[in-house]
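Following is a predicted model, sequence given first.
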Amino acid sequence: MDILFESKYTRSADFYREIYFYNYFKRPFNVLLLLFMGLLLAVNVFFSMSDSWDMLSNIAVFIGIAFFILYLFSYFIEKHIAKKRDIQNNSQSETKIYTLSVTEDKIIHNSPSGIEIEVRYAKIPKVLQSKHYLMFIAEDNMVYAMPKDKFTVGNYDDLLKFLQSKGYKI
């Protein structure tokens, strides 16, 4: 099994910020959810300010605001938990270098602690890209990120062509 593309990188605060920000605020379902919440909040604020103001619409406004604050809070908590988990899992390793390799039939993720995870393309329904990362979204909701500019084998443009030949729309 030949490695066609490989990226070695360290996980920084920017890594967590971009991956989790993309997941919470740029994925289509989450954008629709946030738009719906905003529209609902705007309609409720409008009706609470009009002559037909009643206690029910006022409660709906506070519930909407509370839900949005909880959503933001969960973003920060999840990002913090991921950082903490990585620190705990890789405490024995002096260098925190992660490796993501792409072969003809699977991706291979190696952590600094020596854990190797292999995921076949049949178990990866989506490949998405953010500003600096290409993200392989596995069926078990795990995200395997590959920085666009840290290739040690191959390059980003050829990887995109390879993934498109596998049927992914990026």
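Sure thing, it's come through. Numbering: from 1, shown residues only.

Any figure for the gap between Lys96 and Ala82?
Lys96 sits 14 Å away from Ala82, going by CB to CB, to the nearest Å. C-beta: built from backbone N, CA, C; applies to glycine.

for Glu6, that is, sorry about that
With the distance defined as CB to CB, Glu6 ends up 23 Å from Ala82.

Which one of the two is surrounded by more residues?
Neighbours were counted for Glu6 and for Ala82 using other CB atoms under 10 Å; Glu6 has more, 19 against 16.

and that one, what element?
In this assignment (DSSP states H and E), Glu6 forms part of strand 5-10.

so Tyr24 makes contact with Leu33?
No - using CB atoms under 8 Å, Tyr24 is not in contact with Leu33; the gap is 10.0 Å.

which one of those two has more residues nearby?
The neighbour comparison of Tyr24 against Leu33 (other CB under 10 Å) goes to Tyr24, with 19 against 14.

Am I right that the more buried one is in a strand?
No - under DSSP: H, G, I helix; E, B strand; the rest coil, Tyr24 falls outside any strand and is assigned helix.

Which strands or helices does the strand holding Glu6 pack on?
strand 97-102, strand 143-147, strand 151-153, helix 156-165 (3 or more CB pairs under 8 Å, 6 or more residues apart in numbering; DSSP states H and E).

go with 6 Å
Packed against strand 5-10 by the contact rule (3 or more CB pairs under 6 Å, 6 or more residues apart in numbering; DSSP states H and E) you find strand 97-102, strand 143-147, strand 151-153.

show me where this protein has strands.
For the chain, applying DSSP state E gives strands covering 5-10, 97-102, 106-110, 116-120, 126-129, 133-137, 143-147, 151-153.

In JSON lines: these, plus mean pLDDT.
Shown next, in JSON lines, are the strands of the chain (pLDDT from 0 to 100):
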{"stretch": "strand 5-10", "mean pLDDT": "90"}
{"stretch": "strand 97-102", "mean pLDDT": "90"}
{"stretch": "strand 106-110", "mean pLDDT": "93"}
{"stretch": "strand 116-120", "mean pLDDT": "92"}
{"stretch": "strand 126-129", "mean pLDDT": "90"}
{"stretch": "strand 133-137", "mean pLDDT": "90"}
{"stretch": "strand 143-147", "mean pLDDT": "89"}
{"stretch": "strand 151-153", "mean pLDDT": "92"}
